[in-house]
Structures are given as structure tokens and as C-alpha cells.
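>>> Give me the fold of what follows.
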Amino acid sequence: MIAQLGQTLDGFIATRTGHSRYVTGPEDIRHLHRLRALVDAVVVGAGTVVADDPLLTVREVVGPNPVRVIVDPSGRVDPRARVFRNTDARTLWLRSAQRPMPAPVPPPVEVVALEEREQGGFAPVDILRLLAARGLSRVLVEGGGITVSRFLAAGVLDRLHVTVAPMVLGSGRASLTLPPVDRLDQALRLRCRHFLLGDDMLFDLELHS
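Residues are numbered from 1 along each chain as shown. Modelled structure (predicted):
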């Protein structure tokens, strides 16, 4: 289980309006595509699809496309989004079992009803169980900040890749948002390797030894 984010020096992944193309440079984009090629499934939240309309396929390197998993409990994502119209990879559209289901969508899109066990979303462990039942064990959580934060707070990530670009926004959408702590010794202190990707710095953070 790995998650990744690209952020500014001051910890933002996008402007207040959601504009994020692109915070990091081309070397980091290629690194992201390598990660996609190495996993069975790539998970993104509804906000990422609404803001960026990504394809979530492997294009910058040679490799297979992962299954695309859209976490959308409230049904925010437009059925005309590119992840639903593009047929280069399978797509799982995770919707709340407590809310109305969308109209039928053509394959290779599969709408999956999942119980909401957390306020405003699904429990990460439920998502991982669902994916494991489909044989999808190698998972990349690609964004956005809220989705990555949920998986990090749940303690289910093995690694976290954070790429920091030499850019300052001053305000915007935060990279990670976790429950508050009162003292520094309560913070996550992670084992780290770092690599230069063009002008950006990749922090490869180990969460489970």
C-alpha cells in the first residue's frame, strides 16, 4: 500500500479553486506513471476527478494500466468524466449504499455499493477488503489530500511518497490533514529517503518497517 502527493513548499496541493496542473515537474509526473504501472489499482477521491478529470492510465512509461477506483460516496462525479468514458482500463465507481445509485454505465465501468462507516466517507479498510476480494492487492492512493489523509490516519499505508516543488502558494488546498496532536512527540516521525526529481524533491517515507 503506497500513497503519493505532490505539494508546494508550504504544503498545498492546489489553489483554493482546485487548480493543480501542475504543482510538480515532468520528472515527478513520470515517477507517478511508474507507480501506476507497478500496482493493481489506483485509488482517487471524487474531488480529484471533479477538479482534474484525469485518465489515471500509464502513458509516460511502458507498463500495464491499473484498475481505476473512484471513491465517490455522495455521487459528485459526472458520469461523463474521462475515467468512465475511456476504455483503456477497468474502473470501479464506489458509491454509498445509503444513497441512490446512478443510471447504468457501460463497461468497463462497474458501480459498487459500499456502506458508509465514517462521517462523509468510506472506511479505508473496507475499500481495501473490497479490492482484495477482486484480486487487487497492490494499491496506489493517488489523491487528493483528503483521501490520502484518510488512508494515512487509518494506519493502512506502508509507504508515502511526497514530492515537494520549489513553489509557494500562501493559501490553497492542504496536502495532509490529520487529527490534531498536542505535543511533538505525538507526531508521526517517519524513516525517510529522498531523491531529486528535476527541480523537485521526492521524500520516500516508510510507515511500516
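>>> Which residue, neighbours along the chain excluded, lies closest to Asn65?
Nearest residue to Asn65 in three dimensions, chain neighbours excluded: Ala89, at 3.8 Å (CB to CB, 6 or more residues apart in numbering). Every residue, glycine included, has its C-beta placed from N, CA and C.
>>> Does that neighbour touch Val67 like I think?
Yes. The criterion here is CB atoms under 8 Å, and Ala89 meets it with Val67 at 6.4 Å.
>>> What does the pLDDT read for the residue sitting furthest away from the middle of the chain?
Among the C-alpha atoms of the chain, the one farthest from their average position, using CA atoms, centre = their mean, is that of Arg183, at 28.4 Å. In this prediction, Arg183 carries a pLDDT score of 96.
>>> returning to that earlier point: help me confirm that the residue nearest to Asn65 is found in a strand?
No. Assignment of Ala89 by DSSP: H, G, I helix; E, B strand; the rest coil gives coil, placing it outside any strand.
>>> buried sites along the longest helix along the chain?
Longest helix of the chain, by residue count under DSSP state H: helix 26-38. Applying a neighbour-count criterion of 16 or more other CB atoms under 10 Å, the buried positions in helix 26-38 are Glu27, Asp28, Ile29, His31, Leu32, His33, Leu35, Arg36, Ala37.
>>> could those residues be laid out in a markdown table, adding pLDDT and distance to Ile127?
What follows is the buried residues of helix 26-38, written out as a markdown table (pLDDT from 0 to 100; distance: CB to CB, whole Å):
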| residue | pLDDT | distance to Ile127 |
| --- | --- | --- |
| Glu27 | 98 | 30 |
| Asp28 | 98 | 25 |
| Ile29 | 97 | 25 |
| His31 | 98 | 24 |
| Leu32 | 98 | 20 |
| His33 | 98 | 23 |
| Leu35 | 98 | 18 |
| Arg36 | 98 | 18 |
| Ala37 | 99 | 21 |
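>>> Which single one of those residues is nearest to Asp72?
Arg36 (19.6 Å; CB to CB).
>>> Ala132 versus that closest one, what's the distance?
Using CB to CB, to the nearest Å, Arg36 is found at 19 Å from Ala132.
>>> List the residues that contact the closest residue to Gly198 other than its chain neighbours.
Spatially, and ignoring its direct neighbours in sequence, Gly198 is nearest to Glu27 (3.9 Å; CB to CB, 6+ apart). Residues touching Glu27, when contacts are defined by CB atoms under 8 Å, 6 or more residues apart in numbering, comprise Leu197, Gly198, Asp200.
>>> Many thanks, have a good one.
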